[in-house]
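Engineer: Fold the following and give me the result.
(4 chains)
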Protein chains: 4
Amino acid sequence: MHTIIGIMGGGEADMATRELARELGHAIAARGWVLLNGGRDCGVMAASAEGASAAGGLVVGVLPGDDLSGVAPGVSIPILTGMGDARNVINVLTSHVVIALAGGAGTLSEIALALKATRPVVVVGWDPGEALHHAGGDLLVIVADADGAMRAVEEQLAARGPSAWRH
Amino acid sequence: MHTIIGIMGGGEADMATRELARELGHAIAARGWVLLNGGRDCGVMAASAEGASAAGGLVVGVLPGDDLSGVAPGVSIPILTGMGDARNVINVLTSHVVIALAGGAGTLSEIALALKATRPVVVVGWDPGEALHHAGGDLLVIVADADGAMRAVEEQLAARGPSAWRH
Amino acid sequence: MHTIIGIMGGGEADMATRELARELGHAIAARGWVLLNGGRDCGVMAASAEGASAAGGLVVGVLPGDDLSGVAPGVSIPILTGMGDARNVINVLTSHVVIALAGGAGTLSEIALALKATRPVVVVGWDPGEALHHAGGDLLVIVADADGAMRAVEEQLAARGPSAWRH
Amino acid sequence: MHTIIGIMGGGEADMATRELARELGHAIAARGWVLLNGGRDCGVMAASAEGASAAGGLVVGVLPGDDLSGVAPGVSIPILTGMGDARNVINVLTSHVVIALAGGAGTLSEIALALKATRPVVVVGWDPGEALHHAGGDLLVIVADADGAMRAVEEQLAARGPSAWRH
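Structural biologist: I've put the predicted structure just below:
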């Protein structure tokens, strides 16, 4: 069974955030992990898919729509949900660890849903605020950059072990 | 068509928060509106349902499970989703205005999902943090107490008009 | 807690089927039950909502979309899911008994999902086929007309009792 | 982007059906396609996953639960939905072609949902009934065995072309 790492972040993102997403996608694929994201052809989704794809990795894109229109070119396995933002729940449940880049309401919902489902969340380069810290406790980690993110993901995977998501 | 006001908040809640939930549920029913909440027999859900029910109002409970176990006694119309936290999306889409009491990750996810779906959110007596404020803009209002909440709900309903949720 | 009876059937329906839907909606409301359907302004959904509404009943419409566009006028409580056909699962889980009028693939999916969830299904005036009969066993009943349908619904409610949907 | 072929069928299945599932899973993987199924460790799901896995293929299992308990060993990419039978919608939307083996209400719901979403369905070795034939038209094909199924899948893929699921 593959290790699946999610990258969440804004559909609109500035160049630095997109570059960070690309770097993280590449690093995930380079470690042999599967990248999961929201699958759309914009912002953090497109950039992280491109990074993982360039490194020869698998990219699972969990899409809000019911067809392949608007899917990012880097996605290798598009999961069509037709469920709009309810697919955010699938994104975080399926990810062994969630990496959260800067984003808006959608990204904040994914951080909150991940914490509710006790999935660890690694936030890179921004602060989602005191209320989410309080809700998440040890599950929420903030790091400064891509290297810190990959170290934090590895620590979370090691701490939880392969059976962490079996009840 | 009924006006539907959602109350979100923790499944675990202290006595003051439960009393606030009860008061708000009562006030919603007294205005002839339908109360919507997460339907479970605990915390803000049970208390707001009890308040609305005591005032003779309709209470729609959108439940995470697929049967009636654990439904709050005040719920008059239980909607069984069997979808776990994905039902949070339905809660906020269906509410014309969302009132958010203190809560944890689940409540924060509902605030974020509401803002993503452009539903107005009235937060009562706490602060969900800068990131959600930034994501929400004018859609997110913070008030101090139940009276302030009901005024804010009325303002949002008036500002948007009956056709606000038609595209 | 209200008794909730679902009516499923085609978004496209001939005049006889629409008249049957209207009659059944009226009969459900006349008994003090809540009508649940798919909420759209066409076919069996619009006609059954109109019938129940004319009798002063509550109509819960569980819609595939995320706004109020295209909702049937008879719907009093629109539940917005934004989940497309995944809302069919909610329709059948929430209904204490499902009445199925003639329809296409969507209606057949609702019959199958209802049987999977052990909700009784009363089919009126058509035959969904041997495979569904076999899958449903005693849960699937075929009747000829509206009177037969209401008798079958009452029998199912009586046989199962008020706690039937509590596990 | 990978070609994704779904196999649906009973969680309980006799030995001949499980052997057919294994053979089809193997044939799908041997062609370089991704197998998608419901991911659980029983019946057609477990057998088809085992067949594809033995041929070195990728297996996407779209699970009803929110953790990895009960996932079939052959699944390489488990998608956790936490949505119960609503995940059936994702199964059929995501599959370029759906192969349906003998099953009960769950499988019938997937055939119906696939036809509603205009996904082609290849039924192997049984007959889902006149109503589904009528609803499906040319989208529903019945074949006798695994060889017939693979030919029918190839014809459907060729007829629709790579852009068939883009609107």
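Engineer: Name the residue of chain A that lies nearest to chain B.
Structural biologist: Nearest residue of chain A to chain B (C-beta to the nearest C-beta) works out as residue A:129 at 2.7 Å. For the C-beta atoms, the positions are set from N, CA and C on the backbone; glycine is no exception.
Engineer: Excluding chain neighbours, what is closest to residue A:91?
Structural biologist: residue A:62 (5.2 Å; C-beta to C-beta, 6 or more residues apart in numbering or on different chains).
Engineer: would the one you found count as being in a strand?
Structural biologist: Yes. Assessed with DSSP: H, G, I helix; E, B strand; the rest coil, residue A:62 lies in a strand.
Engineer: Isn't it up against residue A:83?
Structural biologist: No. With contact defined as C-beta atoms under 8 Å, residue A:62 does not count as touching residue A:83 (9.5 Å).
Engineer: what about the nearest residue to the residue of chain A closest to chain B once chain neighbours are set aside, neighbour count?
Structural biologist: Distances taken as C-beta to C-beta, 6+ apart place residue B:129 nearest to residue A:129, at 2.7 Å, with adjacent residues excluded. Neighbours of residue B:129 under the rule other C-beta atoms under 10 Å in any protein chain shown: 19.
Engineer: so residue B:129 touches residue A:134, yeah?
Structural biologist: No. Under the criterion of C-beta under 8 Å, residue B:129 makes no contact with residue A:134, lying 9.4 Å away.
Engineer: Centre of the chain to the helix or strand containing residue A:123, how far?
Structural biologist: Applying DSSP states H and E as the criterion places residue A:123 in strand A:121-124. Relative to its chain's centre, strand A:121-124 lies at 9 Å (C-alpha atoms, centre = their mean, to the nearest Å).
Engineer: do it and chain B meet?
Structural biologist: No. Strand A:121-124 lies apart from chain B when judged by C-beta under 8 Å from any C-beta of the partner chain; the minimum separation is 10.1 Å.
Engineer: Just the mean pLDDT for whichever helix or strand comes after that strand, thanks.
Structural biologist: Under the assignment DSSP H and E, the closest C-terminal helix or strand after strand A:121-124 is helix A:130-136. Taken as a whole, helix A:130-136 carries a mean pLDDT of 94.
Engineer: which element is residue A:69 on?
Structural biologist: Judged by DSSP H and E, residue A:69 forms part of no helix or strand.
Engineer: okay, and for chain A, where does confidence drop off?
Structural biologist: A:161-167 (pLDDT under 70).
Engineer: Contact residues of it facing chain D?
Structural biologist: Going by C-beta under 8 Å from any C-beta, the residues of chain A near chain D are A:1-2, A:4, A:34, A:58, A:60, A:62, A:66-69, A:71, A:75-83, A:89-90, A:93-94, A:117, A:163, A:165-167.
Engineer: Select only the buried ones of the residues you listed in PyMOL?
Structural biologist: Entered in PyMOL, the line below selects the buried ones among those, by 16 or more other C-beta atoms under 10 Å in any protein chain shown:
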select buried, chain A and resi 1+2+4+34+58+60+62+66+67+68+71+75+76+77+78+79+80+81+82+83+89+90+93+94+117+165
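Engineer: Chain A: strands as residue ranges?
Structural biologist: Remark: strands assigned in chain A by DSSP state E are A:4-8, A:34-37, A:59-63, A:77-80, A:97-100, A:121-124, A:140-143.
Engineer: Out of these, which one sits most buried?
Structural biologist: strand A:34-37 (a mean of 30; mean count of other C-beta atoms under 10 Å in any protein chain shown).
Engineer: now for that one, which elements pack on it?
Structural biologist: With contacts defined as 3 or more C-beta pairs under 8 Å, 6 or more residues apart in numbering or on different chains; DSSP states H and E, strand A:34-37 has these neighbours: strand A:4-8, helix A:15-30, helix A:43-54, strand A:59-63, helix A:87-94.
Engineer: If we use 10 Å, what do you get?
Structural biologist: strand A:4-8, helix A:15-30, helix A:43-54, strand A:59-63, strand A:77-80, helix A:87-94, strand A:97-100, strand D:77-80 (3 or more C-beta pairs under 10 Å, 6 or more residues apart in numbering or on different chains; DSSP states H and E).
Engineer: can I get the CA coordinates of stretch A:41-61 in PDB?
Structural biologist: Presented in PDB, the C-alpha positions along stretch A:41-61 are these (Å, rounded to 0.1, in the frame of the first residue of the first chain):
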ATOM      1  CA  ASP A  41      -5.600  23.100 -13.000                       C
ATOM      2  CA  CYS A  42      -4.700  26.200 -10.900                       C
ATOM      3  CA  GLY A  43      -2.700  27.400  -8.000                       C
ATOM      4  CA  VAL A  44      -1.200  25.000  -5.500                       C
ATOM      5  CA  MET A  45      -3.000  22.000  -7.100                       C
ATOM      6  CA  ALA A  46      -1.500  22.500 -10.500                       C
ATOM      7  CA  ALA A  47       2.000  23.300  -9.200                       C
ATOM      8  CA  SER A  48       2.300  20.400  -6.800                       C
ATOM      9  CA  ALA A  49       1.000  18.000  -9.400                       C
ATOM     10  CA  GLU A  50       3.500  19.300 -11.900                       C
ATOM     11  CA  GLY A  51       6.300  18.900  -9.400                       C
ATOM     12  CA  ALA A  52       5.400  15.300  -8.500                       C
ATOM     13  CA  SER A  53       4.800  14.400 -12.100                       C
ATOM     14  CA  ALA A  54       8.200  15.800 -13.200                       C
ATOM     15  CA  ALA A  55       9.800  13.400 -10.600                       C
ATOM     16  CA  GLY A  56       7.900  10.500 -12.100                       C
ATOM     17  CA  GLY A  57       5.500  10.200  -9.200                       C
ATOM     18  CA  LEU A  58       1.800   9.200  -9.000                       C
ATOM     19  CA  VAL A  59      -0.600  12.100  -8.500                       C
ATOM     20  CA  VAL A  60      -4.100  11.400  -7.200                       C
ATOM     21  CA  GLY A  61      -6.400  14.400  -7.800                       C
END
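Engineer: so how far is residue A:149 from residue A:25?
Structural biologist: As judged by C-beta to C-beta, to the nearest Å, residue A:25 and residue A:149 stand 11 Å apart.
Engineer: neighbour-wise, which of these two wins?
Structural biologist: Shown here are residue A:25 and residue A:149; by other C-beta under 10 Å, residue A:25 has more neighbours (31 against 28).
Engineer: what residues are up against that one?
Structural biologist: A:5, A:7, A:35, A:37, A:44-55, A:57, A:59, A:74, A:99, A:146 (C-beta atoms under 10 Å, 6 or more residues apart in numbering or on different chains).
Engineer: again, but for residue A:32
Structural biologist: So residue A:32 contacts A:2, A:3, A:55, A:56, A:57, A:58 (C-beta under 10 Å, 6+ apart).
Engineer: Pretty sure the fourth one sits against residue A:28.
Structural biologist: No. With contact defined as C-beta atoms under 10 Å, residue A:56 and residue A:28 do not form a contacting pair (11.5 Å).
Engineer: So if I had to pick from these two, which one is more boxed in?
Structural biologist: residue A:28 (30 against 10).
Engineer: Please consider this matter closed, and thank you.
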